[in-house]
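# Just the structure for this:
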Amino acid sequence: MINVQNITKVFTTKSGPLTAVNHVNFTIDEGEIFGIIGYSGAGKSTLIRMFNGLETPTEGSLTIADKDITNIRGKELRLARREIGMIFQHFNLLWSRTVRGNISFPLEIAGVPKALREKRVENLIKLVGLEGREDAYPSQLSGGQKQRVGIARALANNPKVLLCDEATSALDPQTTDAILDLLVDINRKLGLTIILITHEMHVIRKICHRVAVMDSGKIVEIAPVLDIFRHPKEEITKRFIGQVTEPEETKETIDHLLEKYPDGKIAKLSFIGDVAEQAIITRLIRELPVTVNILQGKVSQTRNGAYGTLFIHIEGNPSDIEAAIDFLNKNQVGVEVVQND
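Numbers count the residues shown, from 1 in each chain. Next comes the predicted model:
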């Protein structure tokens, strides 16, 4: 469906050339929800703007449905953009137009007859759950409602691809979840390919099939979301996963316990899939002469299954502690013993 080959973008600045995107390669399957995560300045927004021709790559090619976006101009590019919808962090709505008027706008530009336009708008209003708000102006809408208008407008021309550039960053957590649920529903109903740019691992965890981790203009890691949680390879990936799995107070708690229990071991356990729902700690305590203090933990759901983390303190003689760690490993639990820095 989408093929990104050796895409590079170099900007000319007063201080010299700035490489925002550096030889990026990946493919995206039709109907996939594909996430690209990175911190500010990683190059992810520049990358997504090359998907619809808002930025032209310095090098490389980007093909969507057998059409090379990087080599078309003028009318051909405008027609190609109709198949690539985009939603933004700050909504980018027309404040002088109602909900109905905003959604209708791209259809008007495309020259769609009025009767067909009105029918399409009504269907989209129902799809995004804005019935009863058709005649409201953006200033009368909540943030979540504004983003629903943005989504409906992006879908107006029946695109094959939907680009989401930090689409939930301006929303509160509850509204974010509602918008993500809507995107999953749209993906399921329309078979739409969705590319989602974010700096929030919660967003990736909740709806994406695969994720690419971006740093300093490069893709440093790419894999199915559950695999990224299971075996993160890069330090930046581990930091992103920590957004979901490790509360802010974790390090403080661990430092305190390392002082309090210098002879025991503190371990971070990782549970994947069905293992996350099994009573492995109960079995451990029954089978081995160790004491286990549960510090904190969390189970998260990804599109591909459950992922859980648990911080525990194991007390006992050294041989029994090692046996406990071996028991956990044999039961498909990832074990990382936490040491003093």
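
# what helix or strand is Thr176 on?
helix 173-190 (DSSP states H and E).

# which element follows that helix toward the C-terminus?
Per DSSP H and E, the helix or strand that comes after helix 173-190 is strand 193-198.

# Parallel or antiparallel, which strands does that following strand pair with?
Here strand 193-198 is paired, per DSSP bridges, with strand 33-37 (parallel), strand 161-165 (parallel).

# How far off centre is the last one?
Per C-alpha atoms, centre = their mean, to the nearest Å, the displacement of strand 161-165 from the mean C-alpha position of its chain is 12 Å.

# what pLDDT does Ile197 get?
Ile197 carries a pLDDT score of 95 in this model.

# hmm, back to that, will you turn the strands paired with strand 193-198 into JSON lines that also has mean pLDDT, mean neighbour count and distance to His256?
(Glycine included, C-beta is placed from N, CA and C.) Output for the strands paired with strand 193-198, formatted as JSON lines (pLDDT from 0 to 100; neighbours: other C-beta atoms under 10 Å; distance: least, C-beta to C-beta, whole Å):
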{"stretch": "strand 33-37", "mean pLDDT": "97", "mean neighbour count": "26", "distance to His256": "31"}
{"stretch": "strand 161-165", "mean pLDDT": "95", "mean neighbour count": "23", "distance to His256": "40"}
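
# so where do the helices sit in the protein?
Here the chain has its helices, by DSSP state H, at 44-49, 74-81, 99-109, 114-127, 143-154, 173-190, 201-207, 225-230, 235-245, 250-260, 280-287, 318-330.

# Check the ones you listed for me: which has the lowest mean pLDDT.
For those, the bottom mean pLDDT is recorded on helix 250-260, which sits at a mean of 70.

# What residues of stretch 100-113 count as buried?
Buried positions in stretch 100-113, judged by neighbour count with 16 or more other C-beta atoms under 10 Å: Arg100, Gly101, Asn102, Ile103, Ser104, Phe105, Pro106, Leu107, Val112.

# picking up where we left off before, of the helices of the chain, which is nearest Val4?
Nearest to Val4, of all the helices of the chain, is helix 44-49, at 8.2 Å by C-beta to C-beta.

# just the CA coordinates of that closest one, formatted as CSV?
Presented in CSV, the C-alpha positions along helix 44-49 are these (Å, rounded to 0.1, in the frame of the first residue of the first chain):
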residue,chain,number,x,y,z
LYS,A,44,8.2,12.8,12.4
SER,A,45,6.1,15.8,11.4
THR,A,46,8.4,16.6,8.5
LEU,A,47,8.1,13.0,7.5
ILE,A,48,4.3,12.9,7.5
ARG,A,49,4.1,16.1,5.5
